[in-house]
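A.B. asks: Sharing a sequence plus its predicted fold:
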Amino acid sequence: MYRHSTASAQRTVAVMKRYDLIVVGAGPSGLSAATEAAESGMKVVVFDENSRPGGQLFKQIHKFFGSKEHHAKVRGFHIGEELLREAAAAGVEVELDAAVIGIYENKEITVRKAEHIEHLKGDTIIVATGASENMVPFEGWDLPGVIGAGAAQTMMNLHGVKPGQRILMLGSGNVGLVVSFQLLQAGCEVVALADAAPTIGGYGVHASKLARCGVPFYLSHTITKAEGSDRVTGAAISEVDDKFRPIKGTEEHFDVDTICIAVGLSPMSQLLKMSGCRMSDDPKRGGQVPDVDEYGETSVTGIFAAGDVSGIEEASSAMIEGRIAGARAALRMGFISAEEESARQKSFSADLAGLRRGMFAPGSKGRMPEKTEEGLDISVNLLTKGYLSDDEVTKYPGVVKKKGLHPVIECSQNIPCDPCQDACRFNCIKVGNDITLLPQVDMGSECTGCGMCVASCSGQAIFLVNEDYDDRSASVTLPYEFLPLPRTGDSGFARGRSGERLCTAEVIDVKTSPAYDKTNLLTIRVPKDMAMKARFYEPLPAREADA
Amino acid sequence: MIGETMDNDRRIAEHPVLGTIEKGRLVSFSFDGRTVEGYEGEPIAEALKALGVMVHRYTAKKNRPRGIFCAIGRCTDCVMIVNGVPNTRTCITPVQEGIIVQTQYGVSAKDGGSHEKI
C-alpha cells in the first residue's frame, strides 16, 4: 500500500514528475489535507521521512477530546488507522522513507530517498511537517536516561519497551500529563512530575488521573541536576522564585533511572522559510511560524502550512487545518467551484472554532481565568496539586447527590469535549450546544448502571456512585486501565483524589466490553462516608494478597 | 546483563490498551563482540534498551556517554557503528539477523579504526 524507497529504487527520471499537490508530512494534518484534495480529484503525493505513516498519532493510546463528530473518545492510534484508510480510499500516494529536503522557486522540490535525490514539481504544496520537542538545559542533561517525552511514547507504545523503571517527568502540559499516565500503564513508576510554572499547564482531568494514582506534583520546581556517571541514577529538583531561579536549600533528590522531558514543542518550519514564505517569531504559536491566512496559505501563493508547523495545537485541530488547506488547494487549481469550496470551508471553520474554545484555547494561552464560563471558581487545588479537594468538587454541576445509582461527573474546567452527553441513552447528561460547558446531571433520569458514560469520558472523570448500596456501604464504579485487572471478590484499598489510602475496598464487579474500548469498569464497595471520596482502587501488593 | 534472554522486566509483556505488541521473529546479532538477541524489524536502539544497554557512544571531544534521546531519528544522539558504518541512527535502523553493532567512540570503534564488517 505504501512505497518505501530503497537504494535499488529508480535513480534517473527523464521527465520531472509533476503532481497537482505535494504534501510534506504524513501526520494527522498532512493526511487530512491529502485526502481532502484527492477526494476533490487532485493527483496527490505525500512524502514522509519516517518509515511509518501517521506522524505521532500511533503513539497516542489515550482517548481524544472534542466532539463526537471529530473523533472524540476515540484513541489516537485508531484515528491514525482511520486517516490511512480514508487517504487510501481517496487514491492518495504515500511515499515513506522519503525526506523533502528543499522547496525552490516555482514549487519545485527535492526529495531524498535512501542514497539518491529526486526532483519534482507540485502545482500546490502543503507543508505539514509538525513540530519537534523542546529541550531544557541542566547539569547532566546529556546523560543516557534523559529522554524526550516522545521517545518514551515511541519505546512503550510502538515497541513495547519500558523507557525506565523509575521516572521523573518534567513538564505539566498535556504531553507531560498524558505520557506520565501512559508510563504508569506500561508498568513504570512515575516518582514525581515537576514544572517551573506555578500552575499545571494541561487539562485538570489528565492531572487528576495521575494524582489519584499517587503521583506527586511539584509546581514552581525545576530540575537542577541529572546524577550519574554513565547513565542517570538520580535527579535533583529545586523550588524556583518568581524569576524561575532555583531557591537555595529547597533541593530534593529522587532515585530515578529516567528523566523525561515534556517542555513544549517548536514548529519545524525550516522548509517554509527556505521556500521564501514570510515568517514571524510568535511565542504564542510556538516559535518561527509562517504568516498564513485563514486557509493556511502562506505569502507564496499555492504554498500552504497546516498543523503544528503553523502553530502548536492539538491533533484534532491539525486534522481540520489539513482539510481547510486541502480544499483551498483544490479551489486554486480549479478542481472545485467557489461555491463548493465556500460550503466546505464554512463547515470546517465552525468545527475549528468549536475546538478552539475554552480555557485552554490557543487564544487564552498564559491567561488562566479565575471563573468557569458558568461563573464557578476554578479549583486552585486542581491547578497546583492536580486534584479537586473534597469540598471543592461539590460545586460543579456534574457532581450531584441523589438516591440510588447515579453518575458523578468531576468535570470542572471548560474544555471542548462532549461525548458524555451522547453516552447516556436516557439523556441523563447534558452539555448543550456549546461543547466547552460543564456537563450537568438530569436529576429526573433513571441510571441503569450501563457505564457507557464512564467509559466515554476521555478525562476519566465520570464515576457511578450508589450511596445506598446496603445499610453500611456505598458502591463506586470507576474507570480502570491497568493490568492485572482486579477480579470480583478481590480486596484492596480505596484511594482518594489526592492518591491517599482511605479505607479497604472490595471489588464487587468488573466489566469489560468492546463498547468501552479498553476502559474497564471496576465497582468497589466502600463505607458510606467514602462514597464521595473514593476514586481509585489499589490492589494489595502481591505479597500481602498471597498471605 | 548483556546476552540474557528476552524475558525480562524491560519489555511490556501485556499492555492494558495495546494488548500484546506484535514483534518480528527473535534473531541474534552482535553487540560489541557478544551475541545478543532482538526482534527482527524493531529499531536496534529498542533492542539494546530492552537488554539494558544505555550507552551508545562516547563524544569525540569530551568523551561523554550518550544514549537514546528522541527515538525518532532527529537528534542523532543514539548513533553507533552498524555493519562498519559509523554515525548510524540506531533508533530508526532495524534489527536484522547477524548485524554487527559497535559502541562508537568519537566517530570510530574502540580500537580507533577497525569497524567490523559483515
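C.D. replies: Arrived safely, thanks for sending.

A.B. asks: what does chain B put close to chain A?
C.D. replies: B:9-12, B:14-18, B:21, B:23, B:42-43, B:46, B:49-50, B:54-56, B:64-74, B:77, B:91-92 (CB under 8 Å from any CB of the partner chain). (Glycine included, C-beta is placed from N, CA and C.)

A.B. asks: My impression was that A:Val526 belongs to a strand - is that right?
C.D. replies: Yes: with the criterion set as DSSP: H, G, I helix; E, B strand; the rest coil, the secondary structure at A:Val526 is a strand.

A.B. asks: Going along the chain, name the helices of the stretch 101-250 of chain A.
C.D. replies: Using DSSP state H, counting those that start in this stretch, the helices of the stretch 101-250 of chain A run over A:149-153, A:174-185, A:204-211.

A.B. asks: residues contacting the closest residue to chain A within chain B?
C.D. replies: Of all residues in chain B, B:Gly67 sits closest to chain A, at 2.8 Å by CB to the nearest CB. By CB atoms under 8 Å, 6 or more residues apart in numbering or on different chains, the contact set of B:Gly67 is A:143-145, A:231, B:54-56, B:77-78.

A.B. asks: which one of those is nearest A:Gln185?
C.D. replies: A:Gly145 (20.6 Å; CB to CB).

A.B. asks: can I assume that closest one is in contact with A:Ala235?
C.D. replies: No: checked against CB atoms under 8 Å, the pair A:Gly145 and A:Ala235 is beyond contact range at 9.4 Å.

A.B. asks: Now do the shared contacts for the two.
C.D. replies: What both A:Gly145 and A:Ala235 touch, as defined by CB under 8 Å, 6+ apart, is the set A:226, A:259.

A.B. asks: Break down chain B into its helices, ranges please.
C.D. replies: B:44-51 (DSSP state H).

A.B. asks: that older thread, only the buried subset of the residues of chain B next to chain A, as a PyMOL command please.
C.D. replies: Here is the PyMOL command that picks out the buried ones among these, judged by 16 or more other CB atoms under 10 Å in any protein chain shown:
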select buried, chain B and resi 10+11+12+15+16+17+18+21+42+43+46+49+50+54+55+56+65+66+67+68+69+70+71+72+73+74+77+91+92
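
A.B. asks: quick one: the strands in chain B?
C.D. replies: B:26-31, B:34-39, B:57-58, B:65-66, B:79-82, B:85-89, B:100-102, B:104-105 (DSSP state E).

A.B. asks: Quick check: which of those strands is nearest to A:Ala88?
C.D. replies: Of all these, strand B:34-39 comes closest under CB to CB, at 27.3 Å.

A.B. asks: returning to that earlier point: so which of the helices of the stretch 101-250 of chain A is nearest chain B?
C.D. replies: helix A:149-153 (3.6 Å).

A.B. asks: Any residue of the closest one touching chain B?
C.D. replies: Yes: contact of helix A:149-153 with chain B (CB under 8 Å from any CB) involves A:150-151.

A.B. asks: For that helix, name the packing helices and strands.
C.D. replies: Using 3 or more CB pairs under 8 Å, 6 or more residues apart in numbering or on different chains; DSSP states H and E, the elements in contact with helix A:149-153 are helix A:174-185, strand A:258-261.

A.B. asks: which residues of the chain score low on pLDDT?
C.D. replies: Looking at chain A here, since you left the chain open. Chain A contains residues with pLDDT under 70 at A:1, A:5-14, A:365-366, A:543-547.

A.B. asks: meant chain B, my bad for not saying
C.D. replies: In chain B (pLDDT under 70), the answer is B:1-7, B:111-118.

A.B. asks: please redo it, this time with the cut-off set to 90
C.D. replies: Residues of chain B meeting the criterion pLDDT under 90: B:1-9, B:109-118.

A.B. asks: and residue 57, what does it touch?
C.D. replies: Looking at chain A here, since you left the chain open. Residues near A:Leu57 by CB under 8 Å, 6+ apart: A:27-28, A:76-77, A:79-80, A:83, A:315.

A.B. asks: You answered for a different chain; I wanted chain B.
C.D. replies: B:65-66, B:78-80, B:103-105.

A.B. asks: Could you rerun that using 7 Å?
C.D. replies: Counting by CB atoms under 7 Å, 6 or more residues apart in numbering or on different chains, B:Arg57 touches B:66, B:79-80, B:103-104.

A.B. asks: same thing with A:Pro416?
C.D. replies: A:65-66, A:354-355, A:357-358, A:435-436 are the contacts of A:Pro416 under CB under 7 Å, 6+ apart.

A.B. asks: any idea which of those is closest to chain B?
C.D. replies: A:Phe65 (16.8 Å).

A.B. asks: Correct me if wrong: that closest one contacts A:Val74.
C.D. replies: No: with contact defined as CB atoms under 7 Å, A:Phe65 does not count as touching A:Val74 (10.4 Å).

A.B. asks: that older thread, now the helices and strands packed on helix A:149-153 as JSON lines including mean neighbour count and distance to chain B?
C.D. replies: Output for the helices and strands packed on helix A:149-153, formatted as JSON lines (neighbours: other CB atoms under 10 Å in any protein chain shown; distance: least, CB to the nearest CB, whole Å):
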{"stretch": "helix A:174-185", "mean neighbour count": "24", "distance to chain B": "5"}
{"stretch": "strand A:258-261", "mean neighbour count": "28", "distance to chain B": "9"}
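
A.B. asks: Restrict the contacts of A:Pro416 to those that also contact chain B, please.
C.D. replies: Contacts with chain B are made by none of the contacts of A:Pro416, judged by CB under 7 Å from any CB of the partner chain.

A.B. asks: What does the residue in chain A that chain B sits nearest to show for phi and psi?
C.D. replies: Across chain A, the shortest distance to chain B (CB to the nearest CB) belongs to A:Pro144, at 2.8 Å. A:Pro144 adopts backbone torsions of phi -60, psi 130, taken as degrees, to the nearest 10.

A.B. asks: repeat for A:Leu382
C.D. replies: phi -60, psi -40.

A.B. asks: in terms of contact, does it touch A:Tyr203 like I think?
C.D. replies: No: A:Leu382 lies out of contact with A:Tyr203 (CB under 7 Å); the separation is 9.8 Å.

A.B. asks: which residues are common contacts for these two?
C.D. replies: By CB under 7 Å, 6+ apart, no residue touches both A:Leu382 and A:Tyr203.

A.B. asks: of all the residues in chain A, which ones are close to chain B?
C.D. replies: A:51, A:61, A:132-133, A:142-145, A:147-148, A:150-151, A:154-157, A:159-162, A:185-187, A:230-231, A:481-483, A:518.

A.B. asks: same thing but 8 Å
C.D. replies: So chain A meets chain B at A:49-51, A:61, A:75, A:132-133, A:142-148, A:150-151, A:154-163, A:165, A:185-187, A:230-231, A:481-483, A:485, A:518 (CB under 8 Å from any CB).

A.B. asks: just the buried members of those residues?
C.D. replies: Using 16+ other CB under 10 Å, the buried ones in the residues of chain A next to chain B are A:49-50, A:61, A:75, A:132-133, A:142-148, A:150-151, A:154-163, A:185-187, A:231, A:481-483, A:518.

A.B. asks: how deep is the nearest residue to A:Ile103 once chain neighbours are set aside tucked in, by neighbour count?
C.D. replies: Distances taken as CB to CB, 6 or more residues apart in numbering or on different chains place A:Ser275 nearest to A:Ile103, at 3.7 Å, with adjacent residues excluded. By other CB atoms under 10 Å in any protein chain shown, the residues close to A:Ser275 number 21.

A.B. asks: Is there a neighbour count for A:Glu139? I'd like the number.
C.D. replies: That count, for A:Glu139 with other CB under 10 Å as the rule, works out to 12.

A.B. asks: So what sits opposite it in the bridge?
C.D. replies: A:Lys225 (DSSP bridges).

A.B. asks: Tell me who's in contact with it.
C.D. replies: Counting by CB under 8 Å, 6+ apart, A:Glu139 has contacts A:224-226.

A.B. asks: go again using 10 Å as the cut-off
C.D. replies: A:223-227, A:236 (CB atoms under 10 Å, 6 or more residues apart in numbering or on different chains).
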